[in-house]
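Colleague: here is a sequence with its predicted model. Questions after.
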Amino acid sequence: MSDPKPLLFALYEQASVGCGGAPSLWTHPADERLAINSLGYWSNLARIADQANLDMLFFGDVLGFYDVFGGNADAAMKWAVEAPANDPLMIIPALAAVTENLAFGVTVTTSYEHPFTHARRFSTLDHLTNGRVGWNIVTSYLSSAARNFGLEQMIKHDDRYERAEEFLDVVYKLWEGSWANDAVIADKTRHLYAQGDRVRPINHLGEHYRVAGPHLTSPSPQRTPLLIQAGWSGRGREFAAKHAELIFIAKSNPREIRQGLEDIWAKAQARGRQREDVRSLTVLRIVTARTEIEAQRKYDVLQSNYHLQAQLVSYAGDTGIDISRYADNEALSTHTEGLTSYVMHPDGSGKPLTAGDVKQRFAKVTRGSDLILVGTPQQVVDRIEEHARLSGTSGYMINPLISPGSLEDFVELIIPELRKRGLYRTQPHSGTFRSRLRADGASHLPESAYGASFRFDNTPR
């Protein structure tokens, strides 16, 4: 049997008090999330993650309050459900300055951003981080976000993906096709920064966007940031197979994960990509201590600070369904533009959940189908090892239950056990984010990537 390969490990975060997953646990006495407005809070997390050789610090994000439950945002404000929502793009450069190797991922929607300004921001981030940045591509599902951008209602699910496809075409043209590799000379003696004939407009004219260009920023270390995506629907898998280099999986059943990954890999291969071009991270929560009794005690304290209503507020926002208006035995509506997979029975029957099913699912510290492990380091790593073997996942996204305590426990207790088994890197990564995930160590998109077709020398002038 071959030696095990190290898994990928990342830390999930949001620039909000009530972080997604178990948003009411900021009420735990040991949690420090009330300090999210402080740079010191974020710098501390980043330094811990960097020194522990984590692969990525990832920021989720939302552009509206969770105002579906009860028909308003009152409960979301009470429990700080993914609120307040500061801008993570403003935090990352500061964290890059206090870390050496840690990579950063950040969620930015294609639904309400403009591709021209988006491309400039990410090129700037890629420069400032020396290529340590990835973009989590999402299509926004909150109706409150739609209203914040002047729309009367949310863009429909499949229409959001069509808009995203054009958005990607525009940013690829800017990142890959506007500046040639040899455009920048930066020669003081010749008084020549860039060759004008090697920088060109993109003149994009589409259904949703008109963008002249050229791109305002010179080519960054990766050009296109590492592309991350989390869609698990049929349309989401097609999108992942076409664009994604790293996908997030909010499922726990390893066989279901394996089936979904095989589907995405097959679709990617049909596009000329390789299986290894698409890596994955499965969402994971861990409660651990040196003894089973202590681990269970930690879990019980978490449970005593966990509040079901906060979780139902989050569920209502995610799905667009006001669960407060349903009787426990009443089946939920499947006519929603939110996250429809959250409404269906996990048994594959195609039946919707009842409100009582949802309340039972969220009665304890867990988020629906996400993976939560409670036990000693040996017990937790046993489960991780087996889960990774069965699921085929490349690694795990640690979703902290309390901060920074969950990260500190992972570093102190879990990482040493992972290292004993060859499941965690012993040396820090260097180079760009993309180069770390690719067998060939390349910083730029491979030739087989869809985005590579837009390169300066691949397209007519």
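Modeller: Received it, and whenever you're ready, just let me know what you need. Numbering: from 1, shown residues only.
Colleague: was I right to think Leu63 contacts Leu142?
Modeller: Yes. When contacts are counted by C-beta atoms under 8 Å, Leu63 is listed as touching Leu142 (6.9 Å). Any C-beta I mention is one placed from the backbone N, CA and C, and that applies to glycine too.
Colleague: looking at these two, which is more packed in?
Modeller: Leu142 (24 against 20; other C-beta atoms under 10 Å).
Colleague: let me know the helix or strand that the nearest residue to that one once chain neighbours are set aside is in.
Modeller: Spatial nearest neighbour of Leu142, excluding adjacent residues (C-beta to C-beta, 6 or more residues apart in numbering): Gly64 at 4.3 Å. For Gly64, there is no host helix or strand (DSSP states H and E).
Colleague: got the residue ranges for the strands in the stretch 51-200 of the chain?
Modeller: Assigned by DSSP state E, counting those that start in this stretch, the stretch 51-200 of the chain shows strands spanning 56-60, 103-109, 133-138, 184-187, 192-194.
Colleague: adding distance to Pro400, mean neighbour count and mean pLDDT, write the ones you listed out as TSV.
Modeller: Conversion of the strands of the stretch 51-200 of the chain to TSV gives the following (distance: least, C-beta to C-beta, whole Å; neighbours: other C-beta atoms under 10 Å; pLDDT from 0 to 100):
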stretch	distance to Pro400	mean neighbour count	mean pLDDT
strand 56-60	11	26	97
strand 103-109	15	24	96
strand 133-138	18	24	96
strand 184-187	41	12	97
strand 192-194	44	13	97
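Colleague: format those strands as CSV; extra columns: distance to Ala244.
Modeller: Formatted as CSV, the strands of the stretch 51-200 of the chain follow (distance: least, C-beta to C-beta, whole Å):
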stretch, distance to Ala244
strand 56-60, 14
strand 103-109, 12
strand 133-138, 8
strand 184-187, 29
strand 192-194, 32
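Colleague: among those strands, which is nearest Gly375?
Modeller: Go through the strands of the stretch 51-200 of the chain one by one with C-beta to C-beta and the one that ends up closest to Gly375 is strand 56-60, at 24.9 Å.
Colleague: would you put the C-alpha positions of the closest one in PDB?
Modeller: This file holds the C-alpha atoms of strand 56-60, laid out as PDB (Å, rounded to 0.1, in the frame of the first residue of the first chain):
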ATOM      1  CA  MET A  56      -6.000  28.600   3.300                       C
ATOM      2  CA  LEU A  57      -8.000  31.100   5.400                       C
ATOM      3  CA  PHE A  58     -11.300  31.400   3.600                       C
ATOM      4  CA  PHE A  59     -13.900  34.100   3.900                       C
ATOM      5  CA  GLY A  60     -17.600  33.600   3.100                       C
END
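Colleague: on contacts alone, who are the packing partners of that strand?
Modeller: Secondary structure elements in contact with strand 56-60, counted by 3 or more C-beta pairs under 8 Å, 6 or more residues apart in numbering; DSSP states H and E, are strand 8-14, helix 39-51, strand 103-109, strand 133-138.
Colleague: quick one: which of the ones you listed is nearest Asp126?
Modeller: When the helices and strands packed on strand 56-60 are compared by C-beta to C-beta, strand 133-138 sits nearest Asp126, at 5.3 Å.
Colleague: tell me the first helix or strand C-terminal of the helix or strand hosting Val380.
Modeller: Element membership for Val380, per DSSP H and E: helix 377-391. As assigned by DSSP H and E, the chain's next helix or strand after helix 377-391 is strand 395-398.
Colleague: need the CA coordinates for that following strand. PDB is fine.
Modeller: These are the backbone C-alpha positions of strand 395-398, laid out as PDB (Å, rounded to 0.1, in the frame of the first residue of the first chain):
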ATOM      1  CA  GLY A 395      -9.300  17.700   2.300                       C
ATOM      2  CA  TYR A 396     -11.400  19.600   4.800                       C
ATOM      3  CA  MET A 397     -12.700  23.100   5.500                       C
ATOM      4  CA  ILE A 398     -12.700  23.500   9.300                       C
END
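Colleague: what does that strand contact?
Modeller: Here strand 395-398 makes contact (C-beta atoms under 8 Å, 6 or more residues apart in numbering) with 7-12, 55, 58, 248, 279-286, 384, 388, 406-407, 410.
Colleague: these two touch, right, Leu34 and Val17?
Modeller: Yes. At 6.2 Å, Leu34 and Val17 qualify as touching, with contact defined as C-beta under 8 Å.
Colleague: neighbour-wise, which of the two wins?
Modeller: Taking neighbours as other C-beta under 10 Å, Leu34 and Val17 compare with Val17 leading, 22 against 12.
Colleague: against Phe362, how distant is that one?
Modeller: Taking C-beta to C-beta, to the nearest Å as the criterion, Val17 is separated from Phe362 by 19 Å.
Colleague: cool, and Pro400?
Modeller: Distance of Pro400 to Phe362, computed by C-beta to C-beta: 18 Å.
Colleague: more crowded one of the two?
Modeller: For the pair Pro400 and Phe362, the greater number of neighbours falls to Pro400 (24 against 21), based on other C-beta under 10 Å.
Colleague: now for the top strand by length along the chain, which elements pack on it?
Modeller: In terms of residue count, the longest strand belonging to the chain (DSSP state E) is strand 279-288. Packing partners of strand 279-288 (3+ C-beta pairs under 8 Å, 6+ apart): strand 8-14, strand 246-249, helix 254-270, helix 292-304, strand 371-375, helix 377-391, strand 395-398, helix 405-409.
Colleague: contacts for the longest one next, please.
Modeller: Helix 254-270 is contacted by residues 232, 237-238, 240-242, 247, 249, 251, 274-275, 277-278, 280, 282, 346, 386-387, 390-393 when judged by C-beta under 8 Å, 6+ apart.
Colleague: got it, and the second one?
Modeller: With contact meaning C-beta under 8 Å, 6+ apart, strand 246-249 is reached by 105, 134, 136, 226-230, 232, 240, 257, 260-261, 264, 278-283, 393-394, 397, 437.
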